[in-house]
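Peer 1: heads up, no residue letters with this:
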């Protein structure tokens, strides 16, 4: 009887393991708890700059994203003289830029392909970047990305929310993951993006 019980338990465990492996999953396996985790945003924390709805009397129409790199804030223009204001991380010295573009694509948990010039630049500092990194909670692109025209730049999340409000990136605009998820839900492909210095 004990042997039969042992064989049945082993068979059921094997079937469960095969089923778990065959099932497509989004997220990552947490070995400390032996469970699959579907992340909502990186647990690194909230932005040190709280997002808020503000009055807006600028010249841009609702739906426009206005990034003021000197203020280190992003405004998503809303109807009726309002905007949602977010804290952002911007390009460090030598990597700041300005221009008018459109959102050409949106991605959830985007992959990261560092440009060759970025990999070479970091290699000179002794840091080796991957040529490709799949999306997920440890990816520097964070939880969401809005692709800016045909540029190499993105509006994206970050695994380092404490950098919000600083000039830290290689030109991309960073938001805390919680904020980039909020923005992502409210922005359409084709929306205008104004980057001001």
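Peer 2: Cool, got the structure. This is a predicted model, so every value here is computed, not measured.

Peer 1: C-alpha from now on. contacts and neighbour counts both.
Peer 2: Will do.

Peer 1: For the longest strand along the chain, enumerate the helices and strands it packs against.
Peer 2: When the chain is parsed with DSSP state E, its longest strand is strand 99-108. On a contact count with 3 or more CA pairs under 8 Å, 6 or more residues apart in numbering; DSSP states H and E, strand 99-108 meets strand 144-148, strand 192-196.

Peer 1: how about stretch 79-90: buried residues?
Peer 2: For stretch 79-90, the neighbour count (16 or more other CA atoms under 10 Å) marks 82, 83, 84, 85, 86, 87, 88, 89, 90 as buried.

Peer 1: re earlier: pull out the buried residues from the helix or strand that the longest strand of the chain is followed by.
Peer 2: Once strand 99-108 ends, the next helix or strand along the chain (criterion: DSSP states H and E) is helix 116-124. Within helix 116-124, the residues that qualify as buried are residue 119, counting by 16+ other CA under 10 Å.

Peer 1: Now do the end-to-end distance for stretch 76-91.
Peer 2: Stretch 76-91 has an end-to-end distance of 19 Å (CA to CA, to the nearest Å).

Peer 1: on that earlier part again, could you single out the most deeply buried of the helices and strands packed on strand 99-108?
Peer 2: Among the helices and strands packed on strand 99-108, ranked by average contacts under mean count of other CA atoms under 10 Å, first place goes to strand 144-148 (a mean of 26).

Peer 1: Can you pull out the low-pLDDT segments for this structure?
Peer 2: 1-32, 36-44 (pLDDT under 70).

Peer 1: Show me the strands in the chain, by range?
Peer 2: For the chain, strands defined by DSSP E occupy the ranges 28-30, 35-37, 52-55, 65-68, 73-78, 82-87, 90-91, 99-108, 144-148, 154-156, 167-169, 173-174, 192-196.

Peer 1: Just the buried residues of the longest strand of the chain, please?
Peer 2: Buried residues in strand 99-108, counting neighbours by 16+ other CA under 10 Å, are found at 101, 102, 103, 104, 106, 108.

Peer 1: which one of those is nearest residue 94?
Peer 2: Closest approach to residue 94 among the buried residues of strand 99-108 (CA to CA): residue 101, at 20.4 Å.
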